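> Dropping the sequence and predicted coords here.
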Amino acid sequence: MPKVAVGGTFQYIHDGHAKLIRTAFEIAGDGKVNIGLTSDEMLQKIHTIENYESRRAQLLQYLMGIGFPEDTFEVTKLNDPYGPSLEEDFDYIIVSPETYPVALKINRIREQNKKKPLKIVYVEYVMAEDEIPISSTRIAQGEIDRHGRLVKKTES
């Protein structure tokens, strides 16, 4: 039973987040997914971000809404970029291009601590209609919606 880690801020759960989460559950199969959710203290606020509890509630609602049973995942508060991945025996870590360097560092630290490295599963960005990656920042700025559709600007 594989144990899989994935992490993020998960503000405005968008199609890129959905792809990361789906990949984590596909790889876990009958195993368990640990979803690290960035704490308020760790956030670098580029735009207004919901607090941890609100983002956690939205994440849980999303997971239940797509049918993942509660016993197949755990949401962990991330107070640093690594979370439980340095100590716990995960098999896989699911990453985006943005978080790939963190996974490499996790494996370096794990190896220094005589732990087996995690298998890194690299998930490409999901592109918006304009072929620029979907991101929470772009959604917050009103450029795109959660599915990457361009938001039509109305002239005032």
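Nice, thanks for sending it over. What you are looking at is a predicted structure, and each value in this text was computed from that prediction instead of being measured.
> Tell me the backbone dihedrals of Met127, please.
phi -90, psi 150 (degrees, to the nearest 10).
> Name the nearest residue to it, sequence neighbours excluded.
Pro133 (6.0 Å; C-beta to C-beta, 6 or more residues apart in numbering). For every residue, glycine as well, the C-beta is placed using N, CA and C.
> How much space separates that neighbour from His17?
With the distance defined as C-beta to C-beta, to the nearest Å, Pro133 ends up 12 Å from His17.
> count of neighbours near the residue nearest to Met127?
17 (other C-beta atoms under 10 Å).
> What of Leu20?
So Leu20, with other C-beta under 10 Å, has 21 neighbours.
> before we move on, what SS does it have?
Recorded secondary structure, Leu20: helix (DSSP: H, G, I helix; E, B strand; the rest coil).
> Quick one: residues contacting it.
Leu20 makes contact with Val6, Gly8, Ile94, Ser96, Val123, according to C-beta atoms under 8 Å, 6 or more residues apart in numbering.
> Please repeat the previous calculation with a cut-off of 10 Å.
Leu20 is in contact with Val6, Gly7, Gly8, Phe10, Ile35, Ile94, Val95, Ser96, Thr99, Val121, Val123, Val126, counting by C-beta atoms under 10 Å, 6 or more residues apart in numbering.
> what sits against the residue nearest to Thr9 when sequence neighbours are not counted?
Nearest non-adjacent residue to Thr9, counting by C-beta to C-beta, 6+ apart: Thr38, 4.4 Å away. Contacts for Thr38 (C-beta under 10 Å, 6+ apart) come out as 7-11, 44, 49, 52, 55, 77-81, 83.
> go on, Pro97?
Pro97 touches Tyr122, Val123, Glu124, Tyr125, Pro133, counting by C-beta under 10 Å, 6+ apart.
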